[in-house]
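> Got a sequence here, can you model it:
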Amino acid sequence: MNGIDDEGWLHAPTRDLRSRIDTAFSLQPVLVPFYAILLSFIVGGVLIALIGVNPFEAYWALLRGMFGTPERIAGSIARSVPFIGSALALAFAFRAGLFNIGAEGQLLIGGVTAAWVGTWSIVNDMPGVLAVVVVIFAGFCGGAFWGGIPGVLRAKTGAHEVISTIMLNSIALFMTRWLINSTNPLVLRDTSASVPRTKEIAPNARLPEMVDSEPNLHWGLFLMIALCIVVWFVLGRTTYGFETITVGTNPHAAHYAGVSVDRIIILAMLFAGGFAGLAAASEVAGTNFFFQPGTFAFIGFDGIAIALLARGNPIAIIPAAFLWGALLSGAPLMQQEAEVSIDVVRVIQAMVLLFVAADAIVRYIFRLRDTGNSSFGPAATSWSST
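Modelled structure (predicted):
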């Protein structure tokens, strides 16, 4: 009757109940972001109703704008590609206990580096595959260089990376604007273009297009997905990944265990910046074929929200970034048909960030227990207390 027989074994009903409870607890990290998204859409629906528009009609237009046709689906996926790299730039640094708020600047430096290298005459003479690799690698190096600066400052001087990365964002923005806008001296501006931008990269250095959507879906998608898988494997299956997580969890214990904390900090910021640079290079080589500073506006900061929504999991970043890109792709149709401002989508995204960051609200409303299972771990805790 109590579920245990004479030999001490659990009867099947009790085992089934226990299995369901275990499954429920294992789903907690997934349920919290899911409920956060649900609450955000509810809040957004209330705002839409307050301005006198039927929220169901507005959301139906938004949904069709996201997934209404194959071209719209491709456009939504394409819009998410740069978000994957910018989110990884934050999530990877988090694993080392660092707070990389500088993805915006790393995107800019990576993008301008890729665009500059893509116009070299030597690249124009290379085989197509090699030219693409050179341009993509240039973007990685540009972003890694810009990410490595706060890493070195943190490791060697103790300067907090939040401050240094925010300052470097501004430096990168104004520096790239000068490089593109300047005509005396002429640096990188394409004087034949009607708007300030660089010259187009060599045709053989461009990523192949898969779908002629808006924006076009190119092979950069597979590059970003492969990057997520590699990061997941490195963090979970390699010595370097173990050392990185150890430093992020307790740098003092890592030091006593013989781990070079300074080396891990510098490498983590180098790789984080490189991931952002890869995302920028894929946009230059696959979407625009030139560099404009405004192309990457807010992508770095959106990456923070996406990384939080994915709870720092490199694989979970892929669907989180896809949701983010799809919302932005569907917003214009919602504005056109329901006369609802595109800013409502930004409000929904901001609410997602709020509910994920303040997950106690979600847990209270939906009666979820805190399992303490977060990929950000102690890094997130220390950040909240900073």
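> for Gly147, helix, strand, or coil?
Following DSSP: H, G, I helix; E, B strand; the rest coil, Gly147 is assigned to helix.
> Hmm, Gly274 and it touching each other?
Yes. Counting by C-beta atoms under 8 Å, Gly274 is a contact partner of Gly147 at 6.7 Å. Where C-beta positions appear, they are placed from N, C-alpha and C, glycine not excepted.
> The two - which one has more neighbours?
When Gly147 and Gly274 are compared for neighbours, Gly147 comes out ahead with 34 against 29, by other C-beta atoms under 10 Å.
> Helix, strand or coil: sort out the nearest residue to Gly102 once chain neighbours are set aside for me.
Leaving aside its sequence neighbours, Gly102 sits nearest to Thr165 (C-beta to C-beta, 6 or more residues apart in numbering; 2.9 Å). Taken by three-state DSSP, the conformation at Thr165 corresponds to helix.
> what about Thr165, distance to Gly128?
Thr165 sits 35 Å away from Gly128, going by C-beta to C-beta, to the nearest Å.
> Who has more neighbours out of those two?
Of the pair Thr165 and Gly128, Thr165 is the one with more neighbours under other C-beta under 10 Å, namely 30 against 13.
> Please report the distance of that one from Gly97.
In this view, Thr165 and Gly97 are 14 Å apart by C-beta to C-beta.
> Pull the distance from the helix or strand containing Thr176 to the chain's centre.
Assigned by DSSP states H and E, Thr176 belongs to helix 161-181. Remark: helix 161-181 is offset 19 Å from the chain centroid, using C-alpha atoms, centre = their mean, to the nearest Å.
> Buried residues in that helix, which are they?
Glu161, Val162, Ser164, Thr165, Leu168, Asn169, Ala172, Leu173, Met175, Thr176, Leu179, Ile180 (16 or more other C-beta atoms under 10 Å).
> what sits against the closest residue to the third one other than its chain neighbours?
If the residues on either side of it in the chain are set aside, Ser164 comes closest to Pro150, at 3.9 Å by C-beta to C-beta, 6+ apart. Pro150 makes contact with Asn100, Gly102, Ala159, Glu161, Ser164, Thr165, Leu168, Met269 under the criterion C-beta atoms under 8 Å, 6 or more residues apart in numbering.
> shouldn't the second one be in contact with Gly148?
No. At 10.7 Å, Gly102 does not count as touching Gly148 under the criterion of C-beta under 8 Å.
> what's the strand or helix carrying Val123 packed up against?
Taking DSSP H and E as the criterion, Val123 maps to helix 121-124. If you count contacts as 3 or more C-beta pairs under 8 Å, 6 or more residues apart in numbering; DSSP states H and E, helix 121-124 packs onto helix 128-157.
> Quick one: mean pLDDT for the helix it packs on?
Helix 128-157 carries an average pLDDT of 96.
> Now do the helix or strand hosting Phe322: which elements does it pack against?
Phe322 belongs to helix 317-338 when assigned by DSSP H and E. When contacts are defined as 3+ C-beta pairs under 8 Å, 6+ apart, helix 317-338 packs onto helix 28-50, helix 55-67, helix 70-95, helix 220-237, helix 299-309, helix 343-357.
> so which of the ones you listed comes closest to Ala279?
helix 70-95 (2.4 Å; C-beta to C-beta).
> Low-confidence stretches in this protein?
The model of the chain has pLDDT under 70 over residues 1-29, 369-386.
> Tell me who's in contact with Phe291.
By C-beta under 8 Å, 6+ apart, the contact set of Phe291 is Gly111, Val112, Ala114, Ala115, Trp116, Thr176, Ile180, Leu188, Arg197, Thr198, Val284.
> Where does it sit: helix, strand or coil?
Here Phe291 is recorded as coil under three-state DSSP.
> which one is it nearest to, not counting chain neighbours?
Using C-beta to C-beta, 6+ apart, the closest residue to Phe291 is Ala115 (3.5 Å).
> Okay, and the one you found sits in which element?
Here Ala115 sits within helix 103-118, counting by DSSP H and E.
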